[in-house]
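*Asks:* Sequence and predicted model, in that order:
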Amino acid sequence: MSETGPAAMRPFEAVRRRLGASWPRIVAASVAGPAVALVLAQVSEPLGFVAGAVAAFGASTLVARFREGRGGLAPALAAADRSATAQPAHSLLEALPEPVILVDAAQQVVHANLAATRVFGAVAVGEALALRFRAPEFLAVIEAAIQAAEPTKASLMEGRAARRVWAVDIAPVPAAAGRSGPLFLLLFRDRTAERGIERMRTDFVANASHELRTPLASLIGFIETLQGPARDDAAARDRFLAIMREQAARMSRLIDDLLSLSQIEMKRHPVPGRSVDLAELLEDVRRAMSPMLAANEMEAELEIGPGRHVVDGERDELLQVFSNLVENACKYGASGRRVVLSLRVEGREGGGVRASVRDFGPGIAAEHVPRLTERFYRVDVESSRAKRGTGLGLSIVRNILLRHSARLAIDSEVGKGSTFAVIFPRPKHAAQETN
């Protein structure tokens, strides 16, 4: 006859004592959901002892207690099994550098990887996508993909001032263990830079076409006039031919600058290991630009600081850089009547070199300064064209300096003039003979 009461509980108490301190760790591990192997390693031996006790004693109370214990542990083991199944998939998502969000058929978040939380902020499990992304067209594409249960693509634009563009791949994935419906994976790829490059290319073609079309239209108009009403008008013919020559020269300058810019952009590789003495180079620039300076009634001053002003680079390209800067000073800073070319060593001897071109003209408003090196950007379009500017000079300067690992710093104040400073890094070939 089976025993009941305290005597029947002795084997169960022995089981508890046998489990000892392992029991809280088993429960915590089961709830946390690590690999099932860890749980089984902790549980197998105690459960074996329990099974043996049940077979030996057959006490109804013990059986009931064991069943209660087994009933409480079984869901935890099942949850651990499901977690262990899902854990590798989640680990793979965490390893991806792109943002990934896993949603269910109701467009509620099931999982968001670390990259997604960095980009979009904390994404809570169960959160509706419509609360995270206020983009009806994007949400409509997701809804259609869920309805069709087929892979598709979408695009998402975020922000107003600084817009980010995302290309989103939407794909159904098999339902996880314990889930009734399929899941859908949203993979976000940042296409902001690509869209920016595409827009720059489109703007470049449009601007180049416009810059060429204007003088070409002028040439065609004058040719038609010379072939018609002004056929026998010698004075008009001479005047029109002079204008036509100027327009043709304008197109030639533009084409030359476009070709120069294209060649420089194709040579983005590091510069050859040569050294250039900037003190000698700036003196050559002043001498070469003296006719333009004289035509604008300007003087060029050369200020050379102490130290050795040698940098790594191509002499001809650096000559083009400072010639462009002095030419701009002549065109747009002529009212100041002088240009200062200065050199100094940055930091202690053997550091980088700072070379600057300063004019004392009207200066440039602050809102224009960040865009001055953009292709075809002009502060005053008509004034630039009147002074034979193509809008490419500073873009050429910037690209040459990129090749030389140097940077351009622009400081300008309205009414006081502008300073264009080139900061060169510490030379690597300073010991070589300068060219």
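*Replies:* Okay, I see it.

*Asks:* how is the chain carved up into domains?
*Replies:* Following automatic domain parsing, one gets these domains for the chain: 6-87, 96-190, 203-266, 275-424.

*Asks:* what about the last one, start to end distance?
*Replies:* Okay, so that is domain 275-424. End-to-end distance for domain 275-424, by CA to CA, to the nearest Å: 12 Å.

*Asks:* same question, stretch 395-413
*Replies:* Termini of stretch 395-413 sit 21 Å apart (CA to CA).

*Asks:* can you pull the buried residues of it?
*Replies:* 395-401, 403-404, 406, 408, 412 (16 or more other CB atoms under 10 Å). Just so you know, the C-beta spots here come from the backbone N, C-alpha and C atoms, and that holds for glycine as well.

*Asks:* mean confidence score for it?
*Replies:* Averaged over stretch 395-413, pLDDT sits at 91.

*Asks:* how far is it from where the chain is centred?
*Replies:* 20 Å (CA atoms, centre = their mean, to the nearest Å).

*Asks:* Show me the helices in the chain, by range?
*Replies:* Here the chain has its helices, by DSSP state H, at 6-19, 22-32, 36-57, 60-95, 114-120, 129-132, 136-148, 192-227, 234-266, 278-288, 290-295, 315-332, 381-386, 393-403.

*Asks:* what is the mean pLDDT for the shortest one?
*Replies:* Averaged over helix 129-132, pLDDT sits at 88.

*Asks:* what does the second one give?
*Replies:* If you average the pLDDT over helix 22-32, you get 37.

*Asks:* With stretch 335-344 instead?
*Replies:* Mean predicted confidence for stretch 335-344 is 92.

*Asks:* Begin at 266 from now on, thanks
*Replies:* Got it, first residue is 266 now, which makes that one stretch 600-609.

*Asks:* So which bits of that stretch are buried?
*Replies:* Buried-residue list, stretch 600-609, by 16+ other CB under 10 Å: 601, 603-608.

*Asks:* how about the residues you listed in a markdown table, adding distance to Asp522?
*Replies:* Below are the buried residues of stretch 600-609 laid out as a markdown table (distance: CB to CB, whole Å):
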| residue | distance to Asp522 |
| --- | --- |
| Gly601 | 25 |
| Arg603 | 27 |
| Val604 | 22 |
| Val605 | 26 |
| Leu606 | 23 |
| Ser607 | 27 |
| Leu608 | 27 |
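
*Asks:* Which ones among the residues you listed map onto strands?
*Replies:* Under the assignment DSSP state E, the buried residues of stretch 600-609 contribute 603-608 to strands.

*Asks:* which among these gets closest to Ala686?
*Replies:* Taking CB to CB as the measure, Ala686 sits nearest to Ser607 out of these, at 8.7 Å.

*Asks:* Please name the residues that touch that closest one.
*Replies:* 567-570, 620-621, 623 (CB atoms under 8 Å, 6 or more residues apart in numbering).

*Asks:* and Trp431, bridged to which residues?
*Replies:* Leu421, Asp455 (DSSP bridges).

*Asks:* any idea how far it is from Val406?
*Replies:* From Trp431 across to Val406, the span is 12 Å (CB to CB, to the nearest Å).

*Asks:* circling back: could you find which two of the buried residues of stretch 660-678 are furthest from each other?
*Replies:* Of all pairs in these, the most separated under CB to CB is Arg668 and Ser677 at 24.9 Å.

*Asks:* Relative to Thr490, how far out is Arg617?
*Replies:* Not quite, residue 617 is Gly, not Arg. Relative to Thr490, and taking CB to CB, Gly617 is found at 57 Å.

*Asks:* now Glu579
*Replies:* To Thr490, Glu579 is 46 Å away according to CB to CB.

*Asks:* repeat for Ala507
*Replies:* For Ala507, the distance to Thr490 - CB to CB - is 14 Å.

*Asks:* More neighbours: which of these two?
*Replies:* Set side by side, Ala507 and Thr490 show more neighbours around Thr490, with 15 against 11, by other CB atoms under 10 Å.

*Asks:* Flag the least confident of the contacts of Ser607.
*Replies:* Out of the contacts of Ser607, that is Gly570, at 90.

*Asks:* doesn't Glu611 make contact with it?
*Replies:* No. Assessed by CB atoms under 8 Å, Gly570 is found out of contact with Glu611, at 10.1 Å.

*Asks:* Give the buried residues for stretch 410-421.
*Replies:* Under the neighbour-count rule (16+ other CB under 10 Å), stretch 410-421 has 410-411, 419, 421 buried.

*Asks:* what do you get for stretch 590-601?
*Replies:* Here stretch 590-601 shows 590-599, 601 as buried, counting by 16+ other CB under 10 Å.
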